[in-house]
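Colleague: Compute the structure for the input listed below.
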Amino acid sequence: MNRFFKLKENGTTVRTEIMAGITTFMAMAYILSVNPSTLTAFGRIDMGWYSVFLATALAAGIFTIAMGVFINFPVALAPGMGLNAYFASVILASASTDHEFTWQMGLTAVFISGLIFILLTVTKVRQMLLIAIPDSLKHAITVGIGLFITIVGLKNSGLMTIGVEAGSDIPANTLTDVLSFETVIHMGSLENSNVQLVIIGLLLIAILMVLRVRGAILFGILGTTLVAILMGVVDFSSLNNPTTPWVPDFTQLNFWQFDWDGIMHTGIVSAIATFTFVELFDTFGTLVGTAERAGIMKNKEEGQKRVGNAMFVDAIAVAGGAMMGTSTTTAYVESAAGVAEGGRTGLTAVTTGICFLLALFLAPVVALIPGSATAAALIIVGVLMAQSIRDIDFQDMVVAIPSFLTFTIMAFTYNIANGISFGIVTYVILACVANLAGKKKYDIHWMMWVLAVLIVLRYLLIGSQG
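Modeller: Numbering: from 1, shown residues only. As a prediction, this is how the structure comes out:
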């Protein structure tokens, strides 16, 4: 084991690596309950809670182990927050349009984006795209996804309710309400047990994070579940429910559930572009940041090579996760928790992956967790992602305006692609004007021009709805 993972060379031990792997698992295990709740949208999408749970645990386990064994990298993978919310929102939003976007079409879009990632990684284009996009927009995308996730958590818990102004032509209680300027946003009733639980969950997780407790989000979810049990609002039927068996039933896995007939649907083209675009920046930031903290980038050439190889595993995970029946599987920033505990090699990732596979036998317990507890986790994850706003220079309007439009439009139009699109186009325009005026020299990579033209054509030819 020492020779395989080069433990001595990296200044670590088996015990340290295993403890780091368990720490990483504890920090990201919340995805086991949050992802099924998000992708089934609390019963409004028929993917099946248990089917998504199986896919989540399997994808996280298999591809995290692959990252450790083949790349010797202390990074864990699982279905990503933000992209799973986008996945669900596209399907739900299509219910109020003439073009239904099924979850099978969503999985097809994710699978195709995975194939695109593999191609982009092998040809090195992926790395070039990452260089082309200004850092400010990368940070703004992260902030925007954080706000997007927060809105999902607020709405699903009932802490935020959406109504329609009197006299509006839009029918109440439809998803069209979310996208309408005539809607009114209220705070949910404090007499509602779901609202009470999400507030308790927020406080628990926040206190644990202030106290720097490892796995604060997971422990906060478990604590909220305990409170829900004491309140008598938890349904224990899952413990003896054949739909959530203790022994994994892989026949319920949504394996290879793709809709190739709908591949040319307008919405699926937009979804593929969004999944591909957002994942590019999300993975890059996570892998590079983790590599820096683990000391892997001390040797720049070797570090870049390992990050490049890690991107290839990540690309395979995107396609592989879709085959199993879940949204985009990606590198997790929570891997930094394991690195902080001393994890330096792939043994950390292997340990985390094994923990996810063992979790397959805990489905009935995970099913007990109320939706309000997972909603609280979504809101807190939004806080963590919003921290990237500090890296945006708001004194420079060429940077500030595109960045602001990126995360505000992403959140308030309830569409990740809209935010990214406005950010890119406005940056290209403003940077070009500033360069022509001789105020300051801004680099505009040729790929940014290509992306800006494609975005404008996209909106002109197929409209804003995807």
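Colleague: mean confidence for the strand or helix carrying Val198?
Modeller: Taking DSSP states H and E as the criterion, Val198 maps to helix 193-210. The average pLDDT for helix 193-210 rounds to 92.
Colleague: Output the next helix or strand after it in CSV with nothing but the alpha carbons.
Modeller: Note on helix 193-210: by DSSP H and E, the next helix or strand toward the C-terminus is helix 216-231. Provided in CSV are the C-alpha atoms of helix 216-231 (Å, rounded to 0.1, in the frame of the first residue of the first chain):
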residue,chain,number,x,y,z
ALA,A,216,-21.2,20.1,10.2
ILE,A,217,-23.7,19.8,7.4
LEU,A,218,-24.3,16.1,7.9
PHE,A,219,-24.5,16.4,11.7
GLY,A,220,-26.9,19.3,11.2
ILE,A,221,-29.2,17.2,9.0
LEU,A,222,-29.1,14.3,11.5
GLY,A,223,-29.8,16.7,14.4
THR,A,224,-32.8,18.2,12.5
THR,A,225,-34.1,14.7,11.8
LEU,A,226,-33.9,14.0,15.5
VAL,A,227,-35.9,17.1,16.3
ALA,A,228,-38.4,16.1,13.6
ILE,A,229,-38.8,12.7,15.3
LEU,A,230,-39.5,14.4,18.6
MET,A,231,-42.1,16.6,16.9
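Colleague: By mean pLDDT, point me to the weakest helix or strand of this structure.
Modeller: Within the chain, no helix or strand scores below helix 176-179, which has a mean of 46 by mean pLDDT, DSSP states H and E.
Colleague: measure Met231 to Leu253 for me?
Modeller: Look at Met231 and Leu253: by C-beta to C-beta, to the nearest Å, they are 34 Å apart. Bear in mind the C-beta positions are built from the backbone N, C-alpha and C, glycine included.
Colleague: Report the mean per-residue pLDDT for the helix or strand containing Ala417.
Modeller: Per DSSP H and E, Ala417 falls inside helix 416-437. What helix 416-437 shows for mean pLDDT is 89.
Colleague: Give me the distance between it and the centre of its chain.
Modeller: 25 Å (C-alpha atoms, centre = their mean, to the nearest Å).
Colleague: tell me the angle of the next helix or strand after it relative to helix 416-437?
Modeller: Moving toward the C-terminus from helix 416-437, the next helix or strand (DSSP H and E) is helix 446-462. If you take axes from the mean of the first three to the mean of the last three C-alpha atoms, to 10 degrees, helix 446-462 sits at 130 degrees to helix 416-437.
Colleague: Who are the packing partners of helix 446-462?
Modeller: Applying 3 or more C-beta pairs under 8 Å, 6 or more residues apart in numbering; DSSP states H and E, we find helix 446-462 packed against helix 125-132, helix 266-293, helix 416-437.
Colleague: Tell me which residues of that helix come out buried.
Modeller: Within helix 446-462, the residues that qualify as buried are Met448, Leu451, Ala452, Ile455, Arg458, counting by 16 or more other C-beta atoms under 10 Å.
Colleague: picking that back up, excluding its own residues, what touches the helix holding Val198? List them.
Modeller: Residues from elsewhere that reach helix 193-210, judged by C-beta atoms under 8 Å, 6 or more residues apart in numbering: 153, 157-159, 188-190, 216-217, 219-221, 223-224, 227-228, 231, 233, 370-373, 375-377, 379-380.
Colleague: contacting residues for Thr408?
Modeller: Counted by C-beta under 8 Å, 6+ apart, Thr408 has contacts Gly144, Leu147, Gly419.
Colleague: how many neighbours does the second one have?
Modeller: Meaning Leu147. By other C-beta atoms under 10 Å, 20 other residues sit near Leu147.
Colleague: got a list of what it touches?
Modeller: Per C-beta under 8 Å, 6+ apart, neighbours of Leu147: Gly382, Ala386, Phe407, Thr408, Met410, Ala411.
Colleague: Quick check on it: phi, psi?
Modeller: Backbone torsions of Leu147, given as degrees, to the nearest 10, read phi -70, psi -40.
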